[in-house]
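Trainee: Can you look at this prediction? I've put the sequence above it.
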Amino acid sequence: MNPHTDALSELVDWLGLRGRMDLHCLFGEDWAAPHEAIGPWRAPFHIVLRGRCELWLPESRTLVPLEEGSLVVLPRGPAHVLRTAGLQGEGRAIRLRPGELLDLKTNLRRPEKADTDILCGEFEFPGRRRSVLLEALPEPMVIAFADRPGFAWLEGLVRLMAEEIAQQRAGAAAIVAQLSGTLFTLAVRAHLETRPELTGVLGLMASPRLAPGLQAMLAQPQEPWTVASLAARCHLSRATFAREFTRRVGTGPLEFLTTLRMELASRLFAQGGQDTASIGEAVGYRSEAAFNRAFARHAGITPGRFRRSLNGEVAVA
């Protein structure tokens with residue numbers, strides 16, 4: 001593991017992220033597009049290229065207005081509805097038209113006359129495991145990138161994706177898929193830069209005082225870290241480090257370290273090529289039995305069953 005890799009890059013890599021764009025929506029007036037729940041390891045996203053609408057989350061009874069030039073990500077894949085702002089009723093009928101690159105949803109006879117233009121896709125995080133990164137993200141995560149100089153890089157990526165979809169030149173599908181994966185990391189980075197009060201692993205990343213401790217855990221998870229040795233990395237006293245860490249994350253440093261180790265172990269199992277003892281040693285366990293117990297507490301199943309589930313041999317909830 002590269003000790004110079006930043007925390008966000010490392011945690012995204014552990015997710016085994018796959019992204020794709022699969023739907024282009026062109027709507028006129030009075031429309032509602034419901035989406036079923038697909039979580040927990042699939043996260044839909046929507047990019048409002050033109051017009052405005054609202055997002056309704058029935059389970060949490062949350063209503064979020066979305067302006068032109070907005071990206072919304074639902075990290076845990078709940079049921080939701082995109083619709084005309086203030087719509088009463090079901091709206092006009094929406095038809096699905098198959099396309100070569102993306103399918104098209106529209107409620108218009110002439111989609112080119114649409115007031116609202118939305119791209120829809122999905123991030124997939126395969127495998128059954130916890131993710132401290134996904135758990136720290138809000139539901140929903142909304143990034144308003146239009147006309148914000150600091151987010152020019154995100155707007156540029158979105159415009160490139162839209163151009164590839166519109167032109168459908170050779171290689172467009174591969175380019176859009178690759179850029180869709182990049183979109184997730186850029187969205188999380190934008191969230192980090194716009195929210196002063198962050199919790200969980202995002203709070204650690206955003207804290208200059210605590211970030212060195214997080215980076216040490218990620219760079220060398222196999223090391224026998226103690227609260228004192230992690231505090232020393234942050235140039236803090238043991239008591240101050242433990243207090244500030246727990247306030248940010250909600251758990252103590254060593255409990256959080258165990259979660260990181262088990263998340264990395266899940267990723268190593270998914271990659272294949274190593275036996276259980278080797279993976280346990282890679283995340284700091286000299287005893288295979290101790291690693292097996294820790295992993296079972298984390299994942300809800302033993303390492304052996306988890307490995308078989310990755311090959312489709314065992315159903316995993």
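Mentor: Cool, the structure landed. Keep in mind the model is a prediction, meaning the values are calculated, not measured.

Trainee: which stretches of this protein form helices?
Mentor: 7-15, 132-136, 152-167, 172-194, 200-206, 211-219, 227-233, 238-249, 253-271, 276-282, 288-299, 303-310 (DSSP state H).

Trainee: Can you check which of those gets nearest to Glu122?
Mentor: helix 172-194 (8.3 Å; Cβ to Cβ). For the C-beta atoms, the positions are set from N, CA and C on the backbone; glycine is no exception.

Trainee: Who are the packing partners of that closest one?
Mentor: helix 7-15, strand 18-27, strand 42-50, strand 70-73, strand 116-124, strand 141-144, helix 152-167, helix 200-206 (3 or more Cβ pairs under 8 Å, 6 or more residues apart in numbering; DSSP states H and E).

Trainee: sorry, back to before: can you add mean neighbour count and distance to Ser60 and give the helices of the chain back as JSON lines?
Mentor: Compiled in JSON lines, those are given as follows (neighbours: other Cβ atoms under 10 Å; distance: least, Cβ to Cβ, whole Å):
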{"stretch": "helix 7-15", "mean neighbour count": "19", "distance to Ser60": "24"}
{"stretch": "helix 132-136", "mean neighbour count": "19", "distance to Ser60": "16"}
{"stretch": "helix 152-167", "mean neighbour count": "16", "distance to Ser60": "26"}
{"stretch": "helix 172-194", "mean neighbour count": "18", "distance to Ser60": "18"}
{"stretch": "helix 200-206", "mean neighbour count": "22", "distance to Ser60": "18"}
{"stretch": "helix 211-219", "mean neighbour count": "21", "distance to Ser60": "29"}
{"stretch": "helix 227-233", "mean neighbour count": "17", "distance to Ser60": "35"}
{"stretch": "helix 238-249", "mean neighbour count": "17", "distance to Ser60": "23"}
{"stretch": "helix 253-271", "mean neighbour count": "20", "distance to Ser60": "25"}
{"stretch": "helix 276-282", "mean neighbour count": "18", "distance to Ser60": "37"}
{"stretch": "helix 288-299", "mean neighbour count": "17", "distance to Ser60": "27"}
{"stretch": "helix 303-310", "mean neighbour count": "18", "distance to Ser60": "30"}
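
Trainee: Kindly reformat these as a markdown table containing distance to Glu122.
Mentor: Shown next, in a markdown table, are these (distance: least, Cβ to Cβ, whole Å):
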| stretch | distance to Glu122 |
| --- | --- |
| helix 7-15 | 14 |
| helix 132-136 | 14 |
| helix 152-167 | 14 |
| helix 172-194 | 8 |
| helix 200-206 | 22 |
| helix 211-219 | 27 |
| helix 227-233 | 36 |
| helix 238-249 | 29 |
| helix 253-271 | 19 |
| helix 276-282 | 29 |
| helix 288-299 | 24 |
| helix 303-310 | 20 |
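
Trainee: just so I know, which of the helices and strands packed on helix 172-194 lies nearest Thr106?
Mentor: Closest among the helices and strands packed on helix 172-194, using Cβ to Cβ: strand 18-27, at 4.7 Å.

Trainee: ok, that closest one: who's next to it in the sheet?
Mentor: Looking at strand 18-27 with DSSP bridges, its partner strands are strand 103-106 (parallel), strand 116-124 (antiparallel).

Trainee: So for it, what gets flagged as buried?
Mentor: Gly19, Met21, Leu23, His24, Cys25, Leu26, Phe27 (16 or more other Cβ atoms under 10 Å).
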